[in-house]
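The following block contains a protein sequence and its predicted model.
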Amino acid sequence: MSDLVRIIFFVLIVRPLLVFFIGLRVRGREHWPLEHPFIVIANHTSHLDAAALLAFFPLKDLRRVRPVAAADYFNSNKCIAFFSRIFFNILPIARKNIGRHQNPLDGLREALEHKETLIIFPEGTRSSSGEMGPFHTGIAHILKEFPQVPVIPVYMSNMYKALPKGEFILVPFICEVNIGKPLFLSGTKDEIVQTLRDSVIKLKGEAEW
């Protein structure tokens, strides 16, 4: 039932909002893989980010896509937890109060093993200025374990203007998404993180339309 509800939500609300309200424009759509699993990494400035990326998937595939999100925010109360799980199929990851024998990356490993695609924002939090922050190393740990899984870098422009951090009212503002070619990465954790961040920065430079 949740899969049907999610599909209806994207057909009637999310996709029309992205097209007609913020006039979402896309470059590099040909780089979007057709087979699962893969990992999407992107800059993060707005709650619109995950919705925009999910909208690129065929409706039938939404159940196989897991946006990775902070459990301390999205599980903070039952209403937010229900909404984010039913409509966005998020994969909550603990950032606080992590036990000695708990590994917050286990959920990501399990998802990939089940052929689920991940959407990851390596900055770990939304930027309120649109400037990209440093990437955390969690993504590098995953990629070292799953080197065969392609990574799709994405840069999103102006999302923070359409729905700023801390705001809940949309502002009509033209937003853009630039999708890069698939990457297969190896090396040290620091090298992987730097390559990922450089790939997103490169897309930012190409996003001047």
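Great, that's in hand.

tell me the helices in this structure, going along the chain?
Along the chain, the segments classed as helices by DSSP state H run 2-9, 15-16, 48-54, 71-74, 78-88, 106-113, 138-145, 159-162, 189-206.

can you put these in JSON lines and add mean pLDDT and mean neighbour count?
No exception for glycine: its C-beta is placed from N, CA and C like everyone else's. As requested, the helices of the chain are exported to JSON lines (pLDDT from 0 to 100; neighbours: other Cβ atoms under 10 Å):
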{"stretch": "helix 2-9", "mean pLDDT": "92", "mean neighbour count": "14"}
{"stretch": "helix 15-16", "mean pLDDT": "94", "mean neighbour count": "14"}
{"stretch": "helix 48-54", "mean pLDDT": "94", "mean neighbour count": "22"}
{"stretch": "helix 71-74", "mean pLDDT": "72", "mean neighbour count": "16"}
{"stretch": "helix 78-88", "mean pLDDT": "89", "mean neighbour count": "14"}
{"stretch": "helix 106-113", "mean pLDDT": "94", "mean neighbour count": "16"}
{"stretch": "helix 138-145", "mean pLDDT": "92", "mean neighbour count": "19"}
{"stretch": "helix 159-162", "mean pLDDT": "88", "mean neighbour count": "22"}
{"stretch": "helix 189-206", "mean pLDDT": "93", "mean neighbour count": "16"}
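
Can you say which of these is nearest to Phe121?
helix 48-54 (6.8 Å; Cβ to Cβ).

Relative to the whole chain's centre, how far out is that closest one?
Put simply, helix 48-54 sits 7 Å off its chain's centre (Cα atoms, centre = their mean, to the nearest Å).

Could you export the helices of the chain as a markdown table, including distance to Lys181?
Output for those, formatted as a markdown table (distance: least, Cβ to Cβ, whole Å):
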| stretch | distance to Lys181 |
| --- | --- |
| helix 2-9 | 29 |
| helix 15-16 | 25 |
| helix 48-54 | 16 |
| helix 71-74 | 31 |
| helix 78-88 | 26 |
| helix 106-113 | 20 |
| helix 138-145 | 16 |
| helix 159-162 | 22 |
| helix 189-206 | 9 |
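
For the most centrally placed residue in the chain, give me the pLDDT.
Nearest to the geometric centre of the chain sits Ile119, at 3.5 Å (Cα atoms, centre = their mean). Per-residue confidence (pLDDT) for Ile119: 97.

Return the residues in contact with it.
By Cβ atoms under 8 Å, 6 or more residues apart in numbering, the residues touching Ile119 are 39-40, 42, 50, 53-54, 65-68.

So which of those residues is the closest to Gly205?
Ala42 (15.4 Å).

From Val177, how far off is the closest residue to Asp61 other than its chain neighbours?
Leaving aside its chain neighbours, Asp61 sits nearest to His36 (7.1 Å; criterion: Cβ to Cβ, 6 or more residues apart in numbering). His36 sits 20 Å away from Val177, taking Cβ to Cβ, to the nearest Å as the criterion.
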